[in-house]
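S.K.: Quick one: sequence and predicted model below, then my questions.
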Amino acid sequence: MTAVVEAEGLTKYYRARRGLEDLTLEIRPGEVFGYLGPNGAGKTTTIRLLLDVIRPTRGTVRVLGHGSREPAARARIGYLPGELVLEGREKARDYLRFLGRIRGGVPPKRIEELAERLDADLSVPMRKLSKGNKQKVGLIQAFMREPEFLILDEPTSGLDPLLQREFLSMVREVRVSGRTVLMSSHVLAEVEQVSDRVGIVREGRLVAVEDVSALREKAVRRVELHFDAPVPPEAFADLPGVRELSIRGAALACTIDGRPDALIKAAAGFTVVHLVSSEPDLEEIFLTYYSEAS
Ligand SMILES: Nc1ncnc2c1ncn2[C@@H]1O[C@H](COP(=O)(O)OP(=O)(O)OP(=O)(O)O)[C@@H](O)[C@H]1O
């Protein structure tokens, strides 16, 4: 099967400033690929190169089997830009219907269905849309044609948590229908819920590509356990993967590298009344990769 994205040594400099350095990456048909990195890492640069909005300094990229300069792939892609410009007096509904017509006949009903799911107000003139509503209009135009390949740049920015969940279920539906998604984000927690694989980009370089399950195992987490009575520190000494252990009476706190299995088995000998496990922080995962690289 042809890869949906095939990038080879893809590099972009904005004059002397590095946007992206030597990206080699394959995105497979039918997968949700999460593209993670902090602000300025090079995510938007990558996406713009895929879409031929900007041209590479070096390297090549093929999208849906076409070179990035051939327009053939564009009609098969749904795209949500990171900074969507929507202006004018036209109502959002009219704008979407217009886009639907020029992009091969999207039934108005489909636009209304998506608007309802995302709780978007389409009766507002574009220039008066709130940030959240703008993002919803952007999502509707990206999803409405049911494209083969969806490229979403920071899709949840400006959406409240309930709508973020709705959005994630829309992504899952795209995946179930066998289509492909590339989604950039700086929030690991949302990406890991829907992605098959994630790429981590930092300072213009792809530092890792991992199956989400493998990434979770590698992640560092802070864990707290509270017991019904003080526990003996010896019971928790030298557990594999457990670091920065502190035990004060009935409360235990530590950091876990990877699997929490050893800690859970040790704790099972006592009565646990409360457990707090923080979501792994993206920054901490980067640190895991840095320590591996050095
Ligand atoms: N048009 C441009 N001119 C000059 N430098 C640019 C331009 N666009 C991006 N850059 C620089 O390239 C680097 C990568 O930026 P990019 O926008 O790709 O990052 P990002 O990961 O998408 O971050 P964000 O989430 O903030 O958009 C940054 O250092 C940025 O300042």
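M.R.: Everything's here; your move. Note that this is a predicted model, so its numbers are computed, not measured.
S.K.: Please, where are all the strands along the stretch 1-150 of the chain?
M.R.: Remark: strands of the stretch 1-150 of the chain, listed N- to C-terminal, are 5-14, 17-27, 32-36, 58-63, 66-67, 77-80, 149-153; assignment by DSSP state E, counting those that start in this stretch.
S.K.: most tightly surrounded among those strands?
M.R.: strand 32-36 (a mean of 26; mean count of other C-beta atoms under 10 Å). Glycine gets a C-beta too; all of them are placed from N, C-alpha and C.
S.K.: Tell me which other helices or strands that strand touches.
M.R.: Using 3 or more C-beta pairs under 8 Å, 6 or more residues apart in numbering; DSSP states H and E as the contact criterion, the neighbours of strand 32-36 among helices and strands are helix 43-50, helix 161-176, strand 180-185, helix 188-194, strand 197-202.
S.K.: Residues of the stretch 1-150 of the chain that sit close to the ligand?
M.R.: Applying C-beta under 6 Å from any ligand atom, we find that the stretch 1-150 of the chain lies next to the ligand at 14, 17, 19, 37, 39-45, 82.
S.K.: Now render those residues as JSON lines, adding pLDDT.
M.R.: Rendered in JSON lines, the data for those read as follows (pLDDT from 0 to 100):
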{"residue": "14", "pLDDT": "96"}
{"residue": "17", "pLDDT": "95"}
{"residue": "19", "pLDDT": "96"}
{"residue": "37", "pLDDT": "88"}
{"residue": "39", "pLDDT": "87"}
{"residue": "40", "pLDDT": "90"}
{"residue": "41", "pLDDT": "92"}
{"residue": "42", "pLDDT": "96"}
{"residue": "43", "pLDDT": "96"}
{"residue": "44", "pLDDT": "96"}
{"residue": "45", "pLDDT": "97"}
{"residue": "82", "pLDDT": "90"}
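S.K.: give me the low-pLDDT residue ranges for the stretch 151-294 of the chain?
M.R.: By pLDDT under 70, the weakly predicted segments of the stretch 151-294 of the chain are 279-294.
S.K.: at 50 instead, please
M.R.: 293-294 (pLDDT under 50).
S.K.: Any figure for the gap between the closest residue to residue 6 other than its chain neighbours and the ligand?
M.R.: The shortest distance from residue 6 to any residue that is not its chain neighbour, by C-beta to C-beta, 6 or more residues apart in numbering, is 4.5 Å, and that residue is residue 62. As for residue 62, its distance to the ligand is 20 Å (criterion: C-beta to the nearest ligand atom, to the nearest Å).
S.K.: contacting residues around residue 62?
M.R.: If you count contacts by C-beta atoms under 8 Å, 6 or more residues apart in numbering, residue 62 has them with 3, 5-6, 68.
S.K.: before we move on, what about residue 51?
M.R.: The contact partners of residue 51, by C-beta under 8 Å, 6+ apart, come to 63, 68, 74, 77, 79, 151.
S.K.: Map the structural domains onto the sequence of this protein.
M.R.: The chain resolves into domains spanning 5-215, 219-293 when parsed by automatic domain parsing.
S.K.: what about the shortest one, distance to the chain center?
M.R.: Averaging C-alpha coordinates over domain 219-293 and over its chain gives two centres that are 27 Å apart (C-alpha atoms, centre = their mean, to the nearest Å).
S.K.: Same question for stretch 196-207.
M.R.: The gap between where stretch 196-207 is centred and where its chain is centred comes out at 11 Å by C-alpha atoms, centre = their mean.
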